[in-house]
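Chemist: Sequence and predicted structure, then a few things I'm wondering about:
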Amino acid sequence: MTLRKKTLLKVIILGDSGVGKTSLMQQFVNNKFLHQYKATIGADFLTKEITVDNKVVTLQIWDTAGQERFQSLGVAFYRGADCCVLCYDVTNEKSLNNLTSWKDEFLVQSNVANPQDFPFIIIGNKIDIEESRKIPSLSKKLNNITNQGFGGLNYPVFETSAKDSINVEAAFEVIAKMALQQE
Ligand code: GTP
Ligand code: MG
C-alpha cells in the first residue's frame, strides 16, 4: 500500500473588523451567508479540501478578529503560514488604507524567511452593494496599481461578494495555488 502525503496549506485572513473575513470563509467552506454581524473573537480555522493543478490539498483557513483589541494573536498563530489574504470592504476606504499595516503586522509576527517573495493576495469584498461603493471597480483600480500602487501594495487583487458568492471560489483557488508555490 502506498501512503500519499497530504498537503496542508495554512492561509491567514487579515483585515479590519466588518470587511467580511468570516463571511468569505463561511461562503467558501460551508456555502453559508449570515446577514447578522457577529464579531470574531480571537482566531479560529476551518478546513476545506480542494483540487488544484491535479493535486488534492487541504486549505486550513485561519479567520481572525479585525477588532483592535484582538490584534496581537501571537507568533504561534502566524507561524507556518503559506499565504496571507489582505481583505478590505469596497464601501469602506479606511479598510483599504489599513491593508499596509495588516501586511506589516503579519511580516513582523510571522518572521517569514523571504518577505519580498511571500504570497499575499488582496480581496475587495461586498461588491454587491454597488450604491455605496467607495473604491472604484477593478478596471480603474488596476490603473491605480500601476500609477501609484493600490493601497501601496502590489499584489493580485480579487473583488468578491461573500453574500452573493461572487468570485469567492475563484479567489481561494488562486490563494491555494500561491500557497502551493510557497510549500
Ligand atoms: P470581524 O470578525 O469583526 O473582524 O469582522 P469580519 O471581517 O469577519 O466581518 P463579517 O464576515 O462578520 O461581516 C461583517 C458584516 O458584513 C456582516 O453583517 C455580514 O453579513 C456583512 N457582509 C460580509 N460580506 C458581505 C458581502 O459580500 N456583501 C454584503 N452586502 N454584506 C456582507
Ligand atoms: Mg469575523
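Modeler: Nice, I can see it. Everything numeric in this text was worked out from a predicted model, so none of it was measured. Ligands and ions are numbered 1, 2, ... in the order given.
Chemist: Can you pull out the low-pLDDT segments for the chain?
Modeler: 1-6, 68-72, 139-152, 183 (pLDDT under 70).
Chemist: again, only using 80
Modeler: Residue ranges of the chain with pLDDT under 80: 1-6, 68-76, 138-154, 182-183.
Chemist: ok, which residues in it are in contact with ligand 1?
Modeler: Counting by Cβ under 6 Å from any ligand atom, the residues of the chain close to ligand 1 are 17-23, 34-35, 37, 39-40, 65-67, 125-126, 128-129, 161-163. Any C-beta I mention is one placed from the backbone N, CA and C, and that applies to glycine too.
Chemist: Show the buried residues in these.
Modeler: Buried members of these, scored by 16 or more other Cβ atoms under 10 Å, are 18-23, 40, 65-66, 125-126, 161-163.
Chemist: Serialize these to TSV and add fields for secondary structure and distance to ligand 2.
Modeler: Supplementary listing: those in TSV, determined by DSSP: H, G, I helix; E, B strand; the rest coil; distance: Cβ to the ion, whole Å:
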residue	secondary structure	distance to ligand 2
18	coil	8
19	coil	9
20	coil	8
21	helix	5
22	helix	3
23	helix	8
40	coil	3
65	coil	6
66	coil	7
125	strand	12
126	coil	14
161	strand	16
162	coil	11
163	coil	14
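Chemist: Nearest to residue 47 among the residues you listed?
Modeler: Closest approach between those and residue 47, by Cβ to Cβ: residue 22, at 15.2 Å.
Chemist: what sits against the closest one?
Modeler: Residue 22 sits next to 38, 40, 63 when contact means Cβ atoms under 8 Å, 6 or more residues apart in numbering.
Chemist: switch the cut-off to 7 Å
Modeler: If you count contacts by Cβ atoms under 7 Å, 6 or more residues apart in numbering, residue 22 has them with 40, 63.
Chemist: List the buried residues for the lengthiest helix in the chain?
Modeler: Of all the elements of type helix in the chain, the one with the most residues (DSSP state H) is helix 168-182. In terms of neighbour count (16+ other Cβ under 10 Å), helix 168-182 has its buried residues at 168, 171, 172, 173, 174, 175, 176, 177, 178, 179, 180.
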